[in-house]
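Chemist: pasted the sequence and its predicted model underneath.
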Protein chains: 2
Amino acid sequence: MRNGSSSLRGPLLACILAGLIATMPAEVATAAETPAGPLTIASQGSFFVGGRETRSDTLSTLPAYAPSGTITVDQVYVRYQIPVDARRPALTLIHGCCLTGKTWETTPDGRMGWDEFFVRRGFPTYVIDQAGRGRSAVSPVAINAVKMGRAAPETLPPVVSAGHEPAWAIFRFGPEYPQVFPGMRFPLGAQGEFWKQMVADWAATLPTPNPTVPALSELARRLDGTVLISHSQSGIYPFQTAALDRTGIRGLVAIEPAACPDPAKDDMAPYRDLPILVLFGDYVDLVPRWAPRLKLCRAFVAAANAAGGKAELVLLPEIGIAGNSHMLMQDTNSLEVADWLAGWLDRHVPARP
Amino acid sequence: MRNGSSSLRGPLLACILAGLIATMPAEVATAAETPAGPLTIASQGSFFVGGRETRSDTLSTLPAYAPSGTITVDQVYVRYQIPVDARRPALTLIHGCCLTGKTWETTPDGRMGWDEFFVRRGFPTYVIDQAGRGRSAVSPVAINAVKMGRAAPETLPPVVSAGHEPAWAIFRFGPEYPQVFPGMRFPLGAQGEFWKQMVADWAATLPTPNPTVPALSELARRLDGTVLISHSQSGIYPFQTAALDRTGIRGLVAIEPAACPDPAKDDMAPYRDLPILVLFGDYVDLVPRWAPRLKLCRAFVAAANAAGGKAELVLLPEIGIAGNSHMLMQDTNSLEVADWLAGWLDRHVPARP
């Protein structure tokens, strides 16, 4: 059933162990105490925001299903849990490229995800699947049009799967596959479970702005207040959402954003007086894909603040937290990072009245 | 942003209202009392079962992502909640065609889903996304091979979206779109939210048996005991899982299965001494797609029992519950049906030791 798994893990193990031994501090930094014991929530559930109906004659090439009809696309799936007596602001967790809301749930090595951690800390927590990802539908009509001979192969949607090996450096597990950065904290022993989180990515097939952006705006209005917390490829979405409509947006946290607004092109007015945090892990300047992104985000933070903003850029090593990969919400110190973030939110985003 | 929504809902409203007024009983059947108040759980989380690694050179046609590498496919996403002091058997909820695990969550009109209901009743509850659906990845390699000119258009995978109109009769909202069966209990006023649950279906592109089947077997072994509860297109999977390996399977519940094992072809031995329930809603014999399926399932139940089985087929109207569509876990009396099912489970599947 499996192939290739051992070939990926074999050379790695030696590499990881060497890295761990070489970099293990005399006293391991104490992670925030993992919350334990039963969890009591006031309520939970799921729903959709956004979406539009569209008609097509290429819904199916199978006889069991009719080719013509209406389907709904561009909606965004949202799952939430509300703590009892919630006074802290609602958080909306937005995953990155080639992943789904699973990003924020149980880590690959089986520890508590940020979704539950923040509920236990008193934050109503909403986890989405971006438009066209996970439980948020994609449309197969362009594929079926080609299969039916009604359109040319070059019109096929550019659907991407990120391979484990090329993704390695993007996730900053190491400079290139299968090397590992010394002290890097992603639980590589459970990488097989992490790779299972990855899904085909249809983002490049979707309109601009990504339909996730107006859907997040609808969610912010519906919740009457939420902090939008993005990761990686979704990094720009909260900024675009604020530029569309500030209603309901109580703060922006961009974790390892693939892009920040560009001060040379973008209006900084939407970010005035809004608590904004841009957060990066470790090794950023060691990876060619990430170094320029950090630089652009630094420029954005400076420009936003010059225009009356309250933006802040934090590199975790600068506050004494070392070894974080791009997937810092799954790293072995993920709850230490979450604990710090909860503190930042308490300091910058007031409790609910 | 939206189009077509009002065109779908306009003529319907009159139809629904007419249906409601015509068929409203003098005393509406009392649904089981909806559990309310805070929910305390012992634990929750998510993980994957199944999956295999495969290499490809057509992972991407975009310059930002390499075309060559290893991806993981055929895994099955599982999300669970464990009640405090759980003594009842673990349930695994398996959705049907063109849908995801969302099927069992909050209903389109915002009521509690079966996922939470059964946790509140003391059942550890596991909700999956079938292989190739929702948070369980599909592979784009066959699409990209055609886009790159390396394969012919007819090799494209047969990916299906079910249109609202043709799906109408399949879901048994009425005999055909937009007619509504008298007394039918699906919350059609919230149909827009229901259509957002539907996703493109890659089932026909997957190997036989569907990778969900061995993944369910892995899950049953891992949980050391679970009742597999299927719906619609997934109806045959629990039977196939039991035929593969009975380990960990404590019972089978097929809700509105698209197929039961065929006594003319399939061995009945795997079903000996196993509690089995086949459950259908209302109007089954009025829809040409469903009548023969019911007939086959009746034949299966008879054959399974003749071979030493403990199988039972129940039509809800025969036990006094009328008006259920194919989506009975979302109908307005969904918790009444769940309540009855919880009772059936208590009578047929012993509590955990």
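Modeler: Thanks, I have it.
Chemist: please identify the helix or strand for residue A:127.
Modeler: Following DSSP states H and E, one finds residue A:127 within strand A:125-129.
Chemist: can you tell me the average pLDDT over that strand?
Modeler: Averaging pLDDT along strand A:125-129 yields 98.
Chemist: other SSEs contacting that strand?
Modeler: Helices and strands touching strand A:125-129, by 3 or more Cβ pairs under 8 Å, 6 or more residues apart in numbering or on different chains; DSSP states H and E, are strand A:69-83, strand A:90-94, helix A:114-120, helix A:212-223. In short, each C-beta sits where N, CA and C put it, glycine included.
Chemist: any idea which of these is most buried?
Modeler: A comparison of the helices and strands packed on strand A:125-129 by mean neighbour count, using mean count of other Cβ atoms under 10 Å in any protein chain shown, puts strand A:90-94 on top with a mean of 26.
Chemist: so it versus helix A:212-223, what angle?
Modeler: 160 degrees (axes from the mean of the first three to the mean of the last three Cα atoms, to 10 degrees).
Chemist: name the helices or strands packed onto strand A:90-94?
Modeler: Going by 3+ Cβ pairs under 8 Å, 6+ apart, strand A:90-94 lies up against helix A:114-120, strand A:125-129, helix A:212-223, strand A:226-231.
Chemist: end-to-end on stretch A:316-330?
Modeler: This stretch, stretch A:316-330, spans 15 Å end to end (Cα to Cα, to the nearest Å).
Chemist: kindly apply the preceding question to stretch A:282-296 instead.
Modeler: End-to-end distance for stretch A:282-296: 17 Å, by Cα to Cα.
Chemist: now do stretch A:172-180
Modeler: Using Cα to Cα, one end of stretch A:172-180 lies 8 Å from the other.
Chemist: ok, now which ones touch residue A:96?
Modeler: Applying Cβ atoms under 8 Å, 6 or more residues apart in numbering or on different chains to residue A:96 gives the contacts A:103, A:230-235, A:256, A:258.
Chemist: give me that answer again for 10 Å
Modeler: Going by Cβ atoms under 10 Å, 6 or more residues apart in numbering or on different chains, residue A:96 touches A:103, A:130, A:133, A:170-171, A:201, A:203, A:230-235, A:255-258, A:326-327.
Chemist: go on, residue A:278?
Modeler: So residue A:278 contacts A:230, A:235, A:252-257, A:260, A:294, A:297-298, A:300-301, A:304, A:311-315 (Cβ under 10 Å, 6+ apart).
Chemist: of the residues you listed, just the buried ones, PyMOL syntax please.
Modeler: A single PyMOL command selects the buried members of those (16 or more other Cβ atoms under 10 Å in any protein chain shown):
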select buried, chain A and resi 230+235+252+253+254+255+256+257+260+294+297+300+301+304+311+312+313+314+315
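Chemist: partners of the one residue in the stretch 1-150 of chain A that gets nearest to chain B in the sheet?
Modeler: Nearest residue of the stretch 1-150 of chain A to chain B: residue A:69, at 1.7 Å (Cβ to the nearest Cβ). Taking DSSP bridges as the rule, residue A:69 bridges to residue A:56.
Chemist: tell me the secondary structure at the closest residue to residue A:332 other than its chain neighbours.
Modeler: Closest residue to residue A:332 apart from its sequence neighbours, by Cβ to Cβ, 6 or more residues apart in numbering or on different chains: residue A:185 at 4.6 Å. Under DSSP: H, G, I helix; E, B strand; the rest coil, residue A:185 falls in the coil class.
Chemist: distance of residue A:185 from residue B:47?
Modeler: Remark: distance between residue A:185 and residue B:47 (Cβ to Cβ, to the nearest Å) = 20 Å.
Chemist: ok, and what's touching the helix or strand harbouring residue A:142?
Modeler: Residue A:142 is part of helix A:141-147 when elements are defined by DSSP H and E. Under the contact criterion Cβ under 10 Å, 6+ apart, helix A:141-147 has outside partners A:54-62, A:67, A:71, A:73, A:140, A:150-157, A:159, A:205, B:140, B:142-143, B:146-147, B:152-161, B:200.
Chemist: try 6 Å this time
Modeler: A:56, A:58, A:61, A:151, A:153, A:156-157, B:153, B:156, B:159 (Cβ atoms under 6 Å, 6 or more residues apart in numbering or on different chains).
Chemist: among those residues, who's most crowded?
Modeler: residue B:159 (26 neighbours; other Cβ atoms under 10 Å in any protein chain shown).
Chemist: ok, it touching residue A:140?
Modeler: Yes - using Cβ atoms under 6 Å, residue B:159 is in contact with residue A:140, at 3.9 Å.
Chemist: mutual contacts of those two, please.
Modeler: residue B:200.
Chemist: show me which residues of the stretch 1-150 of chain A sit near chain B.
Modeler: Contact residues, the stretch 1-150 of chain A versus chain B (Cβ under 6 Å from any Cβ of the partner chain): A:1-5, A:38-42, A:45-46, A:48, A:51-53, A:59-62, A:65-66, A:69-72, A:75, A:84, A:100, A:102, A:105-106, A:134-135, A:137-138, A:140, A:143, A:146-147.
Chemist: quick one, helices of chain A?
Modeler: A:5-23, A:114-120, A:141-147, A:164-170, A:191-195, A:212-223, A:236-244, A:291-306, A:334-348 (DSSP state H).
Chemist: now tabulate these in TSV and tack on distance to residue A:264 and mean pLDDT.
Modeler: Formatted as TSV, those follow (distance: least, Cβ to Cβ, whole Å; pLDDT from 0 to 100):
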stretch	distance to residue A:264	mean pLDDT
helix A:5-23	39	41
helix A:114-120	33	98
helix A:141-147	34	98
helix A:164-170	25	97
helix A:191-195	36	98
helix A:212-223	21	98
helix A:236-244	15	98
helix A:291-306	8	98
helix A:334-348	27	98
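Chemist: closest to residue A:277 out of these?
Modeler: helix A:334-348 (6.0 Å; Cβ to Cβ).
Chemist: surely residue A:308 touches residue A:272?
Modeler: Yes - between residue A:308 and residue A:272 there is a contact at 4.3 Å, judged by Cβ under 6 Å.
Chemist: quick one, phi/psi of the most centrally placed residue in chain A?
Modeler: Central residue of chain A (Cα atoms, centre = their mean): residue A:95, 2.3 Å from the mean position. With angles defined as degrees, to the nearest 10, residue A:95 sits at phi -70, psi 170.
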